[in-house]
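Asker: My questions concern the predicted model and sequence given below.
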Amino acid sequence: MIGLPWILVDETIDDGDNVVATCADIDGLFADPPEPAVERYTLLDCTPAGRLRAAGDGSGPVWLGNIGLEAAYPPDSCAAELLDVTVLKSSRTGRHGPLDMVLEGRLRQLPKRAPEADGYLLTGVTAEGDEDFGACGDVTGVFHERPAPAPRPATLLGCQPGSRLLRALEALDRGAARHRRWVNASIFSVGRDGTATRLLDAGLGAEVAAVRPSLLGDGLVDVTFQPTYADAVGPARPARAREVWQRWQQGRPTEPGAWAGYDRELRQEWAGAALAHHRHAPDRKPGATVHLEGRHVTDEEGFYCAIGEAVNGPGGYFGWNLGALHDCLLGGWGVAPGFRLVWHDSAVARDHLLPGYDRRWWAPSLTMDQLLELLAADGVDVDLQ
């Protein structure tokens, strides 16, 4: 089992026989998740407020951003968020009749309708906070069943089965019950030095469906897993993320900025790989000075990569979203709270972290000023250079 870059382990077993397989590749591990579909919704009997009211008074389409819906009664019984919303048109049944507003947007989640919901409160989601958008008596287009995407199978390519997978393959060969062919395993990336690193939240959970000799080497097999109600391997990672993990499998970065040539999607994956490979060490003492190289901080994800290296060296981790950044700033991730951050070439971030709408996260964009406020709130003394 030496030299294969992926290892699958059943972490529920502690008898020393928990290796499911090693393999050269995992078909299905890297696959782009679908975007939320564009849909149309209608706010019925609407009493709009703020920017929603102004949009309803206009003659043409007006973009608004995100709108939150919450059941007016019973409170907290139903909630949904509409994304990237454009008001297409509005109309009244009479001069003073109820206002209906037709929207186009996407849905962040698929909520279940509260059976006794008595109208909905509407909220505009902005970078500065929530904005009152009024209320509506009902809404169409939101609360209905949508076709679920077909669960994706997965194949271990160039696989050397461990004893647990061998038993599942034997069960397949003799036509045993499906539960005898079921395999659960966490997925680890194996570096060139043999170090195994767990992919965050990545796992295999499915039944063996087929096996064939592999073209990748003598004695190796390709094993296909058939999903039931969910993807055989999940959660889905971007297809191009394979490039990042292959880079880390060559060894931990020794020079800073190896992430700089990546786009936002791969920078996010890089920060995730840095978290997976993070090695805890004692914090630097309060009042320490940290130097952040800002030449490549052209987006939010670039900031996380840069501050990770500033605190913990090449390939270092210090947060990969705002919540994780806040957790790191509390201590235990390389530097104690109350440190000084010297941000070199900060003008690059100032020119790029601007107000707007971020269609990667379907949310208002993070601005430079907001980021500085968050750092200051957690006790960081930022020196912009």
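Answerer: Yes, it's here.
Asker: From what I see, Ala80 and Gly141 are in contact.
Answerer: No - the pair formed by Ala80 and Gly141 falls short of the contact definition of CB atoms under 8 Å, at 10.8 Å. For every residue, glycine as well, the C-beta is placed using N, CA and C.
Asker: more crowded one of the two?
Answerer: When neighbours are counted by other CB atoms under 10 Å, Ala80 comes out ahead of the other of Ala80 and Gly141, with 21 against 16.
Asker: who's in contact with stretch 237-247?
Answerer: Contacting residues not belonging to stretch 237-247 are listed as 5, 29-33, 189, 199, 202, 258, 262, 265-266, 269-270, 273 [CB atoms under 8 Å, 6 or more residues apart in numbering].
Asker: So which bits of that stretch are buried?
Answerer: Neighbour counts using 16 or more other CB atoms under 10 Å place 237-238, 241, 244-245, 247 of stretch 237-247 among the buried residues.
Asker: What separation do you get for the nearest residue to Ala349 once chain neighbours are set aside and Leu384?
Answerer: Leaving out its chain neighbours, the residue that sits closest to Ala349 by CB to CB, 6 or more residues apart in numbering is Val297, at 4.3 Å. Taking CB to CB, to the nearest Å as the measure, Val297 falls 12 Å from Leu384.
Asker: who has more neighbours, the two?
Answerer: Just comparing Val297 and Leu384: by other CB under 10 Å the higher neighbour count belongs to Val297, 27 against 15.
Asker: The more buried one looks like it's in a strand, true?
Answerer: No - assessed by DSSP: H, G, I helix; E, B strand; the rest coil, Val297 does not belong to a strand; its assignment is coil.
Asker: is it true that it touches Val348?
Answerer: Yes - under the criterion of CB under 8 Å, Val297 makes contact with Val348 at 5.6 Å.
Asker: Report pLDDT for the nearest residue to Val335 once chain neighbours are set aside.
Answerer: For Val335, the nearest residue in space outside its immediate sequence neighbours is Arg284; the separation is 4.5 Å by CB to CB, 6+ apart. On the pLDDT scale, Arg284 is placed at 94.
Asker: burial of the residue lying closest to Ile67 once chain neighbours are set aside, as a residue count?
Answerer: Distance criterion CB to CB, 6+ apart; nearest residue to Ile67, sequence neighbours excluded, is Leu82 at 4.5 Å. Leu82 is surrounded by 27 other residues when neighbours are defined as other CB under 10 Å.
Asker: phi, psi of Leu82?
Answerer: Its backbone dihedrals place Leu82 at phi -90, psi 140, with angles given as degrees, to the nearest 10.
Asker: Repeat that for the one 4 residues further on.
Answerer: As for Thr86, its main-chain torsions (degrees, to the nearest 10) stand at phi -120, psi 130.
Asker: Check Val87 too.
Answerer: Here is the backbone geometry of Val87 (degrees, to the nearest 10): phi -80, psi 120.
Asker: what residues are up against it?
Answerer: For Val87, the contacting residues are 52, 55-56, 58, 61-64, 101-103, taking CB under 8 Å, 6+ apart as the criterion.
Asker: try it again with 7 Å
Answerer: Val87 sits next to 55-56, 61-62, 64, 101, 103 when contact means CB atoms under 7 Å, 6 or more residues apart in numbering.
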